[in-house]
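Q: I would like the atomic coordinates for the input below:
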Amino acid sequence: ALVHLYADGTVLVSHGGTEMGQGLHTKVVQVAAKAFGIPASHVHIAETATDKVANTIASAASMSTDLYGMATLDACRQILARLKPLREEMGDSASLKQIATAAFFRRIDMSAHGFFKIDDKRCGFDFDVPAGKLADGTADNSVKGTPFNYFTQGVGCCEVEIDVLTGDHEVLQVDLLVDVGSSINPALDIGQIEGAFVQGMGWTTTEELIWADSDHRWVQPPGRLLTAGPGAYKLPSFNDTPRKFNVGLMAGVDNPFAVHSSKAVGEPPFFLGAAVFFAIREAIAAARAEHLAGAAAGSASGFVLNSPATSERIRMACADQFAACA
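A: Here you go, the predicted model:
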């Protein structure tokens, strides 16, 4: 990250991350504003460019805030270290603008390049190292190292309703609790959690890939992907979102390995969306218990439901008299 402090007390930050709607720029602004003790409105972001910050890595794996937030904080701390004598001289009552103006006339460098990398001693996984063995004889991969800098977690439960005649389903309520450490921006993090959940929900319910194979002979030529666009590949829409959607962030969670004790958000909550799939399966099991009788009643809960749980699969899994005719 490249940080400039100007004589009027404003700050310009250039970093190597890509803003794609996940709120990275906002969080970096907050990191810089907190470091200098100024309002976020006094911090400006220059769009990512390699002539400002070169040799960047991909903005992926939900780690951009971890990397570029820490790099920005490193640059801010360098500038603050140079201004420390002035701060002591001018007193705590002096504003950043006054200190920056004094630094300008004394020709103190108020630009800094910050850098951050994850500690290889703490985080690193070597695939070439042979796995060890646990007492029960199973493989012990811990000897290969730790593939992640830290871990996060979450829990979710949901209530769904299925239409046993059409196979349609509706998500009535979802409750999520997610560990994002000490959140830099709770509003952004909750938005990311909601988006990840809905994406995971779509992945396990509506987003079916239909190929031209032995099960779909009506799709030609062989090997063609029918669901190649939004006309056939059904992404979740506004209508698919839960009627009631509650998201909570765990409180009092520390994470000394990331900027301001925060944790990654974005991809981690994705699989919580699978809760909808499993809830649908429970609803189907309840319907099967009503539809099946006698010797077949034992198979009410023991059945195969492949993901995604499309309307067709839900309808056929309900195992009523009409499904038996298919």
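Q: tell me where the protein has helices.
A: Counting by DSSP state H, one finds helices in the chain at the ranges 24-36, 64, 70-90, 96-105, 186-205, 274-291, 311-317, 321-325.
Q: for Ser111, find the nearest of the ones you listed.
A: The closest of the helices of the chain to Ser111 is helix 70-90. By C-beta to C-beta, the value is 7.5 Å. All C-beta spots, glycine's among them, are computed from the backbone N, C-alpha and C.
Q: thinking again about what came up before, which of the helices of the chain sits closest to Thr146?
A: Here helix 70-90 is closest among these (C-beta to C-beta), at 18.5 Å.
Q: which pLDDT value belongs to the residue most central in space within the chain?
A: In the chain, the residue lying closest to the centroid (C-alpha atoms, centre = their mean) is Gly266, at 1.1 Å. Gly266 carries a pLDDT score of 86 in this model.
Q: so what's it up against?
A: Neighbour list for Gly266: 22, 62, 192, 196 [criterion: C-beta atoms under 8 Å, 6 or more residues apart in numbering].
Q: for the first one, which non-adjacent residue is closest in space?
A: Which is Gln22. Spatial nearest neighbour of Gln22, chain neighbours left out: Gly266 (5.9 Å); criterion: C-beta to C-beta, 6 or more residues apart in numbering.
Q: do you know how far that neighbour is from Val198?
A: For Gly266, the distance to Val198 (C-beta to C-beta, to the nearest Å) stands at 13 Å.
Q: now do His42
A: According to C-beta to C-beta, His42 and Val198 sit 35 Å apart.
Q: more neighbours, these two?
A: Higher neighbour count among His42 and Val198: Val198, with 23 against 17, using other C-beta atoms under 10 Å.
Q: what residue ranges in the stretch 201-326 of the chain are flagged as low confidence?
A: Low-confidence regions of the stretch 201-326 of the chain, defined by pLDDT under 70, span residues 294-300.
Q: correct me, but Gln98 touches Asp92?
A: No: taking contacts as C-beta atoms under 8 Å, Gln98 lies outside contact range of Asp92: 11.6 Å.
Q: look at the two and report which has more neighbours.
A: Gln98 (14 against 6).
Q: got the contact list for that one?
A: Listed by C-beta under 8 Å, 6+ apart, the contact set of Gln98 reads 9, 90.
Q: per-residue pLDDT of it, please?
A: 97.
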